[in-house]
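Engineer: how does the following fold in three dimensions:
(one chain, ligands or ions: 1)
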Amino acid sequence: MTIAQATMEVDALLLDRAARRGLRGHGHVEPNPMVGCVGVDTEGHVVGERHHRIVGGPHAERLLIESCGHRLRNGTLYTTLEPCTHQGRTPPCTEAILEAGIRRVVIGCLDPNPEACGGADLLRSAGLDVEIIEHQPSQALSAIFRHRVTTGLPWVIAKWAQTLDGRLATRSGHSQWISSARSRRLVHRQRGRVDAILTGIGTVLADDPRLTARDGRRRRTARRVVVDPDLRIPRDAALLQTLGDAPLTIACSDSSHAGKPDRVTELAGAGVDVLPLPPVEGRLSMANLLVHLSGVHNCSTVLVESGPGLFGSLMQEGLVNEAMVFVAPILLGDGEAMPVLTGFAPGTIADGDSMTLRSMHRRDDDVLLRYGVSTGAGTSP
Ligand SMILES: NC(=O)c1ccc[n+]([C@@H]2O[C@H](COP(=O)([O-])OP(=O)(O)OC[C@H]3O[C@@H](n4cnc5c(N)ncnc54)[C@H](OP(=O)(O)O)[C@@H]3O)[C@@H](O)[C@H]2O)c1
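Structural biologist: Numbers count the residues shown, from 1 in each chain. Okay, the predicted model is just below:
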């Protein structure tokens, strides 16, 4: 192995470490990117690691530099994202790097934000040795941020629990519970880290869910969102009975909104955000709903916990970024039982939508599979 190859290997390992550290920010830092950093001194010893901890708080690079002090002088900074050049709620990270006398900076991925990018060039022109590495874990770490900056849309994670023969529920709509208690705890943890949880009226009528994070430490409170074209949500629905626990948006058709003014007034009076959506080819545009969630409610992440109808709509519009699938060791053996999604009729297997497997974990007797969808940009933590 040459010295250059060995250096590349060490660089990749230290960026892996920085990316693992950055994951700690999930649910705390969005809409900011998750970022992790590792500092190495002139002898090659790791002298510190830090991550971006809280939205509006100091960036990972500044936290690292503060914690390492003079030990980083002439040393190397590993960072999953290009250091920022702009004065936002905190001063530019490039300034802190120059003041700290760091010699070398290794970057896992470039900053997609036009207001903050350019840090690599700035540091290079100041005489630092700057390496930009195509580092997959760093890209996955900033995928949510990159997606929102480049598309204006939140990152959509479709989550479902299915039987071994690929069914979401029995033919009568019974689905509680397919996955194990341990799998469901993980879902509650995920609910406590996203900005919104999206479902359809079919699931509300069948399961009467609350869609709150009740198990595990909650890092943020997700807005519950229901696609309910005809405003059929029952008055005693658990979602309406728990408005004090988390906000609720109901997306309906503009014709229902205009045709049921009393219902709209009643819901809005109770504190529900009632959102009329105009029809696009006879359906409600889920893209318009996501634009509303991003633009009005500042949502970066949306967890979908719906049945086949809404999941099919989101897939048809190409809006799903990631799938989180719990496969339980149950066979229903009923061709009429509920499938994972509807609305597609490919003629051949090659015409089906394909996904990229990112990880597999066993949880009791369930298997959790995580897939990258449509953008192929990775998975969130
Ligand atoms: N195993 C699991 O993980 C899991 C999770 C959640 C739910 N479920 C099960 O799924 C079943 C419910 O499935 P579902 O398909 O009825 O419920 P759903 O997907 O939650 O909601 C379907 C509703 O949303 C509407 N909708 C979807 N996309 C739309 C669009 N673009 N424009 C307008 N309306 C749209 C549908 O209208 P149209 O009828 O006009 O299409 C339908 O009324 C229940 O049995 C529940 O237990 C299982």
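
Engineer: is it true that residue 198 touches residue 227?
Structural biologist: Yes: between residue 198 and residue 227 a contact is recorded at 7.3 Å, counting by CB atoms under 8 Å. Bear in mind the C-beta positions are built from the backbone N, C-alpha and C, glycine included.

Engineer: ok, for residue 252, nearest residue in space, not its chain neighbours?
Structural biologist: residue 231 (5.0 Å; CB to CB, 6 or more residues apart in numbering).

Engineer: please name the residues that touch that neighbour.
Structural biologist: Shown in contact with residue 231 (CB atoms under 8 Å, 6 or more residues apart in numbering): 250, 252, 256, 257, 260, 263, 264, 267, 274.

Engineer: residue 198 and residue 227: who's more crowded?
Structural biologist: Set side by side, residue 198 and residue 227 show more neighbours around residue 198, with 31 against 25, by other CB atoms under 10 Å.

Engineer: check the secondary structure at that one for me.
Structural biologist: Recorded secondary structure, residue 198: strand (DSSP: H, G, I helix; E, B strand; the rest coil).

Engineer: let's have the chain start at 27 instead
Structural biologist: Yep, numbering from 27; the last one is residue 224 now.

Engineer: would you mind measuring from the residue lying closest to residue 220 once chain neighbours are set aside to residue 350?
Structural biologist: Distance criterion CB to CB, 6+ apart; nearest residue to residue 220, sequence neighbours excluded, is residue 327 at 4.2 Å. From residue 327 across to residue 350, the span is 12 Å (CB to CB, to the nearest Å).

Engineer: what do the two both touch?
Structural biologist: residue 183.

Engineer: looking at those two, which is more packed in?
Structural biologist: The neighbour comparison of residue 327 against residue 350 (other CB under 10 Å) goes to residue 327, with 27 against 23.

Engineer: ok, the more buried one to residue 52 distance?
Structural biologist: 9 Å.

Engineer: residue 45 now?
Structural biologist: 12 Å.

Engineer: more neighbours: which of these two?
Structural biologist: Neighbour tally, residue 45 and residue 52, criterion other CB under 10 Å: the higher count belongs to residue 45, 28 against 19.

Engineer: so the more buried one is in which element?
Structural biologist: According to DSSP states H and E, residue 45 maps onto helix 29-48.

Engineer: need the pLDDT of whichever residue of the stretch 277-407 of the chain sits closest to the ligand.
Structural biologist: Residue nearest to the ligand within the stretch 277-407 of the chain: residue 333 (1.9 Å; CB to the nearest ligand atom). Residue 333 is assigned a predicted lDDT (pLDDT) of 98.

Engineer: doesn't residue 366 make contact with it?
Structural biologist: No: using CB under 8 Å as the test, residue 333 is too far from residue 366 to be in contact (9.2 Å).

Engineer: higher neighbour count, those two?
Structural biologist: Between residue 333 and residue 366, residue 333 has the larger neighbour count (other CB under 10 Å), namely 26 against 17.

Engineer: which residues touch that one?
Structural biologist: Contacts for residue 333 (CB under 8 Å, 6+ apart) come out as 194, 195, 226, 228, 229, 232, 364.

Engineer: same thing but 7 Å
Structural biologist: Residues counted as contacts of residue 333 (CB atoms under 7 Å, 6 or more residues apart in numbering) are 194, 226, 228, 229, 364.

Engineer: try residue 304
Structural biologist: residue 280.

Engineer: and the stretch 177-326 of the chain, which residues reach the ligand?
Structural biologist: Residues of the stretch 177-326 of the chain lying close to the ligand (CB under 6 Å from any ligand atom) are 186-187, 194-195, 199, 201, 204, 225-229, 232-233, 253, 255, 309-310, 312.

Engineer: the strands in the stretch 77-226 of the chain, which residues?
Structural biologist: Secondary structure of the stretch 77-226 of the chain (DSSP state E, counting those that start in this stretch): strands at 102-105, 130-133, 155-158, 181-189, 193-195, 222-226.

Engineer: mind checking which of those is nearest residue 31?
Structural biologist: Closest approach to residue 31 among those (CB to CB): strand 155-158, 13.9 Å.

Engineer: okay, buried residues for that closest one please.
Structural biologist: 156, 157 (16 or more other CB atoms under 10 Å).

Engineer: ok, it: who's next to it in the sheet?
Structural biologist: Strand 155-158 has its sheet partners listed here by DSSP bridges as strand 130-133 (parallel).

Engineer: send me the strand it pairs with as CSV with only the CA atoms.
Structural biologist: Output of strand 130-133 as CSV, limited to C-alpha atoms (Å, rounded to 0.1, in the frame of the first residue of the first chain):
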residue,chain,number,x,y,z
ARG,A,130,-5.6,20.5,6.6
VAL,A,131,-9.4,20.1,6.1
VAL,A,132,-11.0,16.9,4.9
ILE,A,133,-14.7,17.3,3.7
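
Engineer: pLDDT wise, what is residue 115 at?
Structural biologist: pLDDT recorded at residue 115 is 81.

Engineer: return the residues in contact with it.
Structural biologist: Per CB under 7 Å, 6+ apart, neighbours of residue 115: residue 82.

Engineer: need the contact partners of the helix or strand of the chain with the lowest mean pLDDT.
Structural biologist: Ranking every helix and strand in the chain by mean pLDDT, DSSP states H and E puts strand 305-306 at the bottom, with a mean of 91. With contacts defined as CB under 7 Å, 6+ apart, strand 305-306 is touched by residue 279.
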